[in-house]
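Novice: following is a predicted model, sequence given first.
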Amino acid sequence: MIEEKIIKKNRLNAMLQELSKEYSIYIPAGENGDFRFCELRDTNDELVFWDYRNTRISPKEILFPHSEILYEFSRDESHQFSISQNNDDQRKMKNVILGIRPCDARAIGFLDRVFIGEPNERFVDPYYLKRRIHTIIISLACNRPQISCFCTSLNGRPDGEEGADIIAFDIGEEILLKTVTEKGKEFIKESSKWLGNVKKSDIDKKNKIFKESAKRINSRVSVEKVKEKLDDSFEADFWNEIHRKCLGCGICTFLCSTCHCFDITDETSADRGKRIKCWDSCMYPLFTLHASGHNPRPNYKERMRQRIMHKFNYCPENFKELFCVGCGRCIRNCPVNLDIREVINQVSQLK
Amino acid sequence: MINPYLPLPVKVQKITIENETKDLKTFDLEFCDKNDAEWFKYTCGQFAELSLLGIGEVPIGIASSPMDNRILQFTVKRYPIGVVSSTLHNLSEGDTIGIRGPFGNGFPMKDFEGSNLAIIGGGFALTTLRSLTKYIIHEKNRSRFGEITIMVAARDPGEMLYKYDLEEWSKREDIKLIRTIDREVDGWTGKVGFAAPVLKEISPSSGNAYAIVCGPPIMIKTCIAVLLELGFKASQIFNSLEMRMKCGIGKCGRCNIGSKYVCKDGPVFSYTQLEKLPQEY
Ligand code: SF4
Ligand code: FES
């Protein structure tokens, strides 16, 4: 059974402050439109992110950090190495991510497929899993989508629930919380003393706002044929043109909420060091360079093709899902305005 | 839960220089902890990441046979720009390194059983084919496989890998071993010529058979053409591929060819599968 509860905006901080004894709570923080997920600070100030559009860096960084220590090692006098696993127990074990946009919540569901996989998966990423199972995702439905948002073309909605445990709706003075998963229900139960019951008028208000907001998304691309078109387009001339203005900076992949490629590198000093897992990008030439000097993707062309193919053909093949949620980050931040919507539209029109 | 990123410690028992150029060395590794050895069960054609703390990791096909428990063998080529392979080459016997794995699918051994096998290896790509051969010719396994033809191609005699094994195999009645080098050399008793024409000359029969080809891309290409001519179907031809890798477990996203990850869906692919994949390797 779905549960719906209500809380006054000006009471929310008090509730979170109390919960923060047990949870690390992440909220969007920032100013002048430049937001990023940060841990809730110990303050009495009212939460003010309700009107924020979206963060520049995707909240994937909470579960899949830009760089994280896999383990540390040291060498003793006899040159023997010993490994110690970094257990981040200084941090609280449980997380709440509050205010994540529905598109990004969906994207976390996709990352789950990669890092955790099916129940019988041979290898699971234990670092991701450990964070993920202890994380509650409370998404915030979008009252005012941006012009670069195109989630509705990709099975998303400004009030979409996929990937969230609870979805929050800003209905003015109050926030309406709707449970999506069992985990969400548990959380609501734990916090019940802060929450009130919804009235019919609250629901009406919510429905009205979010009917409007879906209509505000005017940017549409047609993705229906993309996977199929790409099946036969690996050698198409299209790739010779589409990459031309790309600088290969990799911003699009770093900020993308579904991109998940990483590198493993070592950092050392004298007799100790760390092995680190950090974001990497298919847009970089070193990504696939073999030790022999051979590189299967030596040029911008092949790398751009990989990025598009991975999202719109390989992932659909492997996970039955287009790995794009329409958040628009790559469109807003690409230094040369390479617009993925145009790429998708062009692919759809390939002969 | 196992942590697939964590290397297990192994001791370098022995280092064998394989070729005259001295850029190929075989490392015999033994697990420091008996339980790890027990846990690390692999099949022919799988690979592992050799892990040097502070330097990095390199994926290498397992050259030993699953039948020789205790010792794992890896043949590593040193590349001038390969920091890990160069450091490995500077190791001494008795040093400790790390290992992660076993990874990848390996050869479809169940399918191979009951069939004749043509094993074709060129240059330094003989590694997992050696594992395969050693496994098949083991007294406990030999009767489950049909006729075995092994063809080994190298630039010149000094570059031929596993000379000690080849010597032993050449004496066996139940293996047809053909060795070929690119150009005539004094005292050479094997064949002379590139892999593909020699393969054509020996014409292994495609009836109830599988062919497994590993080697430099050009050799794979030309040998597959010959095999198809000889009547092998695409589904009877197998390949093992190489790609730049990091995680080895299908997560880091770098070793793909089309929608397949070489580390997870490969490294062994049938030619039927390869035909469907883009030519990006
Ligand atoms: S952000 Fe733009 S310029 Fe940078 S790699 Fe992506 S497409 Fe190329
Ligand atoms: S090596 Fe990481 S995906 Fe294959």
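Specialist: Cool, the structure landed. Ligands and ions are numbered 1, 2, ... in the order given.
Novice: report the longest helix in chain B, please.
Specialist: Across chain B, the longest stretch assigned as helix under DSSP state H is helix B:217-229.
Novice: where along the stretch 51-200 of chain A do the helices fall?
Specialist: A:60-63, A:102-115, A:126-133, A:182-190, A:200-215 (DSSP state H, counting those that start in this stretch).
Novice: CSV for these, including distance to ligand 1?
Specialist: The way it works is simple: take the backbone N, C-alpha and C, and place the C-beta from them, glycine included. Shown next, in CSV, are these (distance: least, Cβ to the nearest ligand atom, whole Å):
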stretch, distance to ligand 1
helix A:60-63, 17
helix A:102-115, 17
helix A:126-133, 24
helix A:182-190, 35
helix A:200-215, 27
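Novice: ok, which of those comes nearest ligand 2?
Specialist: Closest approach to ligand 2 among these is made by helix A:102-115 (9.6 Å; Cβ to the nearest ligand atom).
Novice: and residue B:145, what does it touch?
Specialist: Neighbour list for residue B:145: B:112, B:113, B:114, B:115, B:116, B:117, B:136 [criterion: Cβ atoms under 8 Å, 6 or more residues apart in numbering or on different chains].
Novice: tell me the buried residues within those.
Specialist: B:112, B:115, B:116, B:117, B:136 (16 or more other Cβ atoms under 10 Å in any protein chain shown).
Novice: got a list of contacts for the helix or strand that the longest helix of chain B is followed by?
Specialist: Sequence-wise, the next helix or strand downstream of helix B:217-229 (DSSP states H and E) is strand B:237-240. Strand B:237-240 has contacts (Cβ under 8 Å, 6+ apart) with B:45, B:61, B:107-108, B:125, B:128, B:210-214, B:220, B:224, B:227-228, B:266-271, B:274.
Novice: swap the cut-off to 6 Å and go again
Specialist: B:128, B:211, B:212, B:213, B:214, B:227, B:267, B:268, B:269, B:270, B:271 (Cβ atoms under 6 Å, 6 or more residues apart in numbering or on different chains).
Novice: which of these fall in strands?
Specialist: B:211, B:212, B:213, B:214, B:268, B:269, B:270 (DSSP state E).
Novice: test my guess that the third one contacts residue B:120.
Specialist: Just to be clear, that refers to residue B:213. Yes - applying Cβ atoms under 6 Å, one finds residue B:213 in contact with residue B:120, separated by 4.6 Å.
Novice: these two: which has the busier surroundings?
Specialist: Remark: of residue B:213 and residue B:120, residue B:120 carries more neighbours, 32 against 27, as counted by other Cβ atoms under 10 Å in any protein chain shown.
Novice: ok, back up a step: okay, the contacts of strand B:237-240 in CSV with pLDDT and distance to ligand 2 next?
Specialist: Shown next, in CSV, are these (pLDDT from 0 to 100; distance: Cβ to the nearest ligand atom, whole Å):
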residue, pLDDT, distance to ligand 2
B:128, 95, 17
B:211, 97, 26
B:212, 97, 22
B:213, 96, 22
B:214, 94, 19
B:227, 96, 28
B:267, 96, 10
B:268, 97, 14
B:269, 96, 14
B:270, 97, 19
B:271, 96, 21
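Novice: out of the residues you listed, which is nearest to ligand 1?
Specialist: Nearest member of the contacts of strand B:237-240 to ligand 1, counting by Cβ to the nearest ligand atom, is residue B:267, at 29.4 Å.
Novice: mind listing what the closest one touches?
Specialist: Counting by Cβ under 6 Å, 6+ apart, residue B:267 has contacts B:104, B:240, B:241.
Novice: any idea which element residue B:153 lies in?
Specialist: Going by DSSP H and E, residue B:153 is in strand B:148-154.
Novice: quick check: can you name the pairing partners of that strand and their directions?
Specialist: Paired strands of strand B:148-154, with direction, are strand B:116-122 (parallel), strand B:176-181 (parallel) (DSSP bridges).
Novice: so which of those comes closest to ligand 2?
Specialist: Of the strands paired with strand B:148-154, the one closest to ligand 2 (Cβ to the nearest ligand atom) turns out to be strand B:116-122, at 23.6 Å.
Novice: the residue nearest to residue B:203 when sequence neighbours are not counted: neighbour count?
Specialist: Distances taken as Cβ to Cβ, 6 or more residues apart in numbering or on different chains put residue B:230 closest to residue B:203, at 5.8 Å, once the chain neighbours are dropped. Using other Cβ under 10 Å, the number of residues around residue B:230 comes to 17.
Novice: pretty sure residue B:230 sits against residue B:206.
Specialist: Yes - using Cβ under 6 Å, residue B:230 is in contact with residue B:206, at 5.4 Å.
Novice: so for stretch B:208-220, what gets flagged as buried?
Specialist: B:209, B:210, B:211, B:212, B:213, B:214, B:215, B:219, B:220.
Novice: again, but for stretch A:154-167
Specialist: Buried, per 16+ other Cβ under 10 Å, within stretch A:154-167: A:154, A:156-167.
Novice: can you measure across that stretch, start residue to end residue?
Specialist: 19 Å (Cα to Cα, to the nearest Å).
Novice: re earlier: any idea which of the contacts of strand B:237-240 is closest to chain A?
Specialist: residue B:267 (13.7 Å; Cβ to the nearest Cβ).
Novice: returning to that earlier point: what would the helices of the stretch 51-200 of chain A look like in TSV with distance to residue A:31, mean pLDDT and mean neighbour count?
Specialist: As requested, those are exported to TSV (distance: least, Cβ to Cβ, whole Å; pLDDT from 0 to 100; neighbours: other Cβ atoms under 10 Å in any protein chain shown):
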stretch	distance to residue A:31	mean pLDDT	mean neighbour count
helix A:60-63	19	95	20
helix A:102-115	20	96	23
helix A:126-133	27	93	18
helix A:182-190	29	93	16
helix A:200-215	23	90	14
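Novice: now distance to residue B:32 too, for the ones you listed, in a markdown table please.
Specialist: Formatted as a markdown table, these follow (distance: least, Cβ to Cβ, whole Å):
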| stretch | distance to residue B:32 |
| --- | --- |
| helix A:60-63 | 34 |
| helix A:102-115 | 30 |
| helix A:126-133 | 22 |
| helix A:182-190 | 41 |
| helix A:200-215 | 60 |
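Novice: just the buried residues out of the contacts of residue B:267, in PyMOL syntax.
Specialist: To isolate the buried members of the contacts of residue B:267 in PyMOL, using 16+ other Cβ under 10 Å:
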select buried, chain B and resi 104+240+241
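Novice: which one of the buried ones among the contacts of residue B:145 is nearest to residue B:155?
Specialist: For the buried ones among the contacts of residue B:145, the minimum distance to residue B:155 (Cβ to Cβ) is 24.9 Å, reached by residue B:117.
Novice: distance-wise, check that closest one relative to residue A:63.
Specialist: From residue B:117 across to residue A:63, the span is 46 Å (Cβ to Cβ, to the nearest Å).
Novice: show me where the stretch 251-351 of chain A has helices.
Specialist: A:251-255, A:300-309, A:315-319, A:329-333, A:340-348.
Novice: picking that back up, ligand 2: which of the contacts of residue B:267 is nearest?
Specialist: Nearest to ligand 2 among the contacts of residue B:267, with distances taken as Cβ to the nearest ligand atom, is residue B:104, at 9.3 Å.
Novice: test my guess that the closest one contacts residue B:47.
Specialist: Yes - look at residue B:104 against residue B:47 with Cβ under 6 Å: they come within range, at 5.2 Å.
Novice: and for these two, which residues touch both?
Specialist: Common neighbours of residue B:104 and residue B:47 (Cβ under 6 Å, 6+ apart) do not exist.
Novice: where in the chain is pLDDT low?
Specialist: In the absence of a named chain, chain A is used. A:79, A:86-92 (pLDDT under 70).
Novice: name the residues of the stretch 51-200 of chain B found near chain A, please.
Specialist: B:53, B:54, B:56, B:79, B:82 (Cβ under 6 Å from any Cβ of the partner chain).
Novice: farthest pair in these?
Specialist: Maximum distance among these (Cβ to Cβ): 20.4 Å, for B:53 and B:79.
Novice: which of the helices of the stretch 51-200 of chain A sits closest to residue B:35?
Specialist: helix A:126-133 (19.2 Å).
Novice: fine by me, thanks again.
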